[in-house]
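1. give the three-dimensional model of this entry:
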Amino acid sequence: MSTEAFDAIVIGAGHNGLVAANVLADAGWSVCVLEATPVPGGAVRTAEVTEPGFHNDLFSAFYPMSAVSPVIRGLRLDEHGLRWRHAPDVLAHVLPDDRCAVLSRDVDRTAASVDEFAPGDGDAWRELFRQWREIREPLLDALFTPFPPVRPALKLLRRTGTADALRLARMLTLPARRFGDELFTGDGAKLLLAGNAAHSDLSVDNAGSAVFGWLLAMIGQDEGFPVPAGGAGELVAALVRRLESRGGVVHCGRPVREVLVGGGRALGVRDGAGDPVRARKAVLADVPAPVLYGELVDAQWLPSRLLEDLGRFQWDSATVKVDWALSGPVPWTAEAARGAGTIHLGTDLDGLSAFGGDLVRGRTPRKPFLLFGQMTTADPSRSPSGTESAWAYTHVPRGSIPNRAALERRAKRIEETVEANAPGFTGLIKARYIQGPEELADHDPGLVGGAINGGTTAIHQQLFFRPVPGTGRSDTPVDRLYLAGSSAHPGGAVHGGPGANAARAALARAGKLGPGYAAVIRAAHRAVYG
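-> The predicted structure follows:
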């Protein structure tokens with residue numbers, strides 16, 4: 001029997017793998033995507049896991065980074081059935097004392113909300129947003145361009161000038177809490193920044209956390225936190241339809257056992273049944289870096305210094321997530337929270353600091369910070385009329401949920417936290433579905449130990465330090481093998497950056513200037529790994 005052969009093999013049908021496959025298919029390549037689980041999507045999936053008629057997103061749910069990503073926008077997924085929906089308000093941060101700060105796509109509404117905490121903060125918010133709008137396009141181009149982003153960085157410098165560029169660079173190093181204190185007087189605006197920073201695994205007191213809070217807050221102000229109509233899985237369905245319309249194929253339930261290497265070059269893969277699949281031009285891996293280098297590629301093909309660095313790779317915190325089918329809308333006593341798609345809940349600024357500090361010390365926070373989603377509020381198709389499909393998740397230290405009893409206790413604490421600001425919430429629960437680190441990894445093997453970002457977002461593992469000190473690119477020490485998952489720059493979130501960067505690298509290597517490209521990459525790897 002002849003061996004299957006394609007121009008490119010993509011390992012993993014997460015969104016990054018599917019983005020990479022689409023970019024290659026657009027270039028006329030034959031592409032095969034091999035996925036270990038029964039369905040595509042990775043951490044972008046929807047299922048009826050609570051009650052019939054309730055569509056719960058198993059992992060990610062709101063997609064601000066998708067909304068602004070030039071990668072996702074460039075695929076024109078609306079032509080393949082994707083439709084976006086928005087809640088009336090983007091986000092609300094509900095404090096334990098029931099005060100509430102609201103982020104809206106209407107900047108005047110946001111400004112009015114933060115002015116309630118401190119007069120004058122509204123004008124300061126408008127100024128922050130004005131600055132964002134001036135640099136948005138070159139900044140996003142720089143973020144999603146393979147490292148180093150020379151051309152976008154030059155455009156950004158021309159837009160800002162040297163003085164403002166220096167101040168922007170300083171902001172990128174700040175802790176989120178310090179950034180808020182420098183700009184605002186009241187807790188409302190500060191919490192909109194700090195709460196968004198806590199979407200990462202960083203404490204609001206960590207250097208570099210400000211950029212995450214600022215970026216998500218400004219995107220939310222600009223574009224909102226949209227959701228796919230019908231469920232997160234519709235984003236994946238559109239990617240698959242687009243790929244198949246260009247001749248690409250996706251095989252689910254077909255894990256990859258190893259990457260086949262000969263003479264330092266990736267030649268294809270061997271699937272779980274032991275059958276080889278040949279790759280004429282490239283193998284792209286939408287898997288975490290420790291999985292690619294520690295399991296799929298034989299150590300003989302990897303520099304010892306890379307393997308040594310990989311031993312210091314840091315995962316992000318683990319996650320506990322609860323999905324609910326609710327018989328009615330959440331009865332928030334803070335009325336401003338009722339129209340928000342995303343809710344930050346459980347802590348004030350000091351509580352956010354304590355939460356992050358507990359995670360750093362390996363302690364399970366007594367007072368969890370929650371991210372809460374009101375999905376039917378954002379997309380009425382998610383559940384029957386008059387009901388709500390909802391979820392919440394929180395971070396916990398890795399290894400802190402040893403059994404089901406511990407998971408149930410954490411889920412109960414999550415529900416108690418919601419109940420404190422929405423009395424009667426627990427009485428609305430028709431059904432719940434609980435996932436801890438083990439369950440998350442069972443559904444998506446890429447979520448190792450419940451880590452949802454493919455590795456910490458701390459500054460020591462970003463840019464050319466991601467996933468280990470190196471070039472910051474998707475190219476690996478094995479020729480024609482590329483890291484296409486969130487362990488690669490620019491990291492986690494559903495924006496397709498790692499997948500697109502890997503595909504572009506594969507195209508460059510296979511192009512007319514490919515030999516020169518390969519020589520440059522080899523020289524860079526020799527300099528980095530010896």
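2. make sure Glu127 is indeed in a helix.
-> Yes - assessed by DSSP: H, G, I helix; E, B strand; the rest coil, Glu127 belongs to a helix.
3. what number of residues are in the vicinity of it?
-> By the measure other C-beta atoms under 10 Å, the count of residues near Glu127 is 11. Backbone N, C-alpha and C define where each C-beta goes, glycine included.
4. what's the pLDDT at it?
-> pLDDT for Glu127: 97.
5. what of Met1?
-> Met1 is given a pLDDT of 47.
6. go on, Leu157?
-> 86.
7. what helix or strand is the closest residue in space to it that isn't next to it in sequence located in?
-> Leaving out its chain neighbours, the residue that sits closest to Leu157 by C-beta to C-beta, 6 or more residues apart in numbering is Ala165, at 5.3 Å. For Ala165, the host element (DSSP states H and E) is helix 150-173.
8. wasn't His93 part of a strand?
-> Yes - His93 sits within a strand when classified using three-state DSSP.
9. got a list of what it touches?
-> By C-beta atoms under 8 Å, 6 or more residues apart in numbering, the contact set of His93 is 100-101, 188, 191-192, 195, 343-345.
10. packing partners of the helix or strand of the chain with the lowest mean pLDDT?
-> Least confident helix or strand of the chain, by mean pLDDT, DSSP states H and E, is helix 150-173 with a mean of 87. In terms of contacts (3 or more C-beta pairs under 8 Å, 6 or more residues apart in numbering; DSSP states H and E), helix 150-173 is packed against helix 121-144, helix 209-223.
11. put together CSV for these, with distance to Gly311 on each row.
-> As requested, the helices and strands packed on helix 150-173 are exported to CSV (distance: least, C-beta to C-beta, whole Å):
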stretch, distance to Gly311
helix 121-144, 29
helix 209-223, 26
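12. hey, which of those is tucked in deepest?
-> Among those, helix 209-223 has the highest mean neighbour count (mean count of other C-beta atoms under 10 Å), at a mean of 24.
13. now do it: distance to the chain's middle.
-> In terms of C-alpha atoms, centre = their mean, to the nearest Å, the centre of helix 209-223 is found 14 Å from the chain centre.
14. which element is Ser200 on?
-> Secondary structure (DSSP H and E) places Ser200 outside all helices and strands.
15. could I get the phi/psi values of Ile434?
-> When read as degrees, to the nearest 10, the backbone of Ile434 gives phi -110, psi 130.
16. what's the answer for the one 5 residues further on, then?
-> Backbone torsions of Glu439, given as degrees, to the nearest 10, read phi -70, psi -40.
17. Provide the secondary structure category for the residue nearest to it when sequence neighbours are not counted.
-> Closest residue to Glu439 apart from its sequence neighbours, by C-beta to C-beta, 6+ apart: Leu407 at 8.0 Å. What three-state DSSP gives for Leu407 is helix.
18. now do Leu407, the pLDDT please.
-> Leu407 is assigned 97 on the pLDDT scale.
19. got a list of what it touches?
-> So Leu407 contacts 320, 401, 434, 436, 439 (C-beta under 8 Å, 6+ apart).
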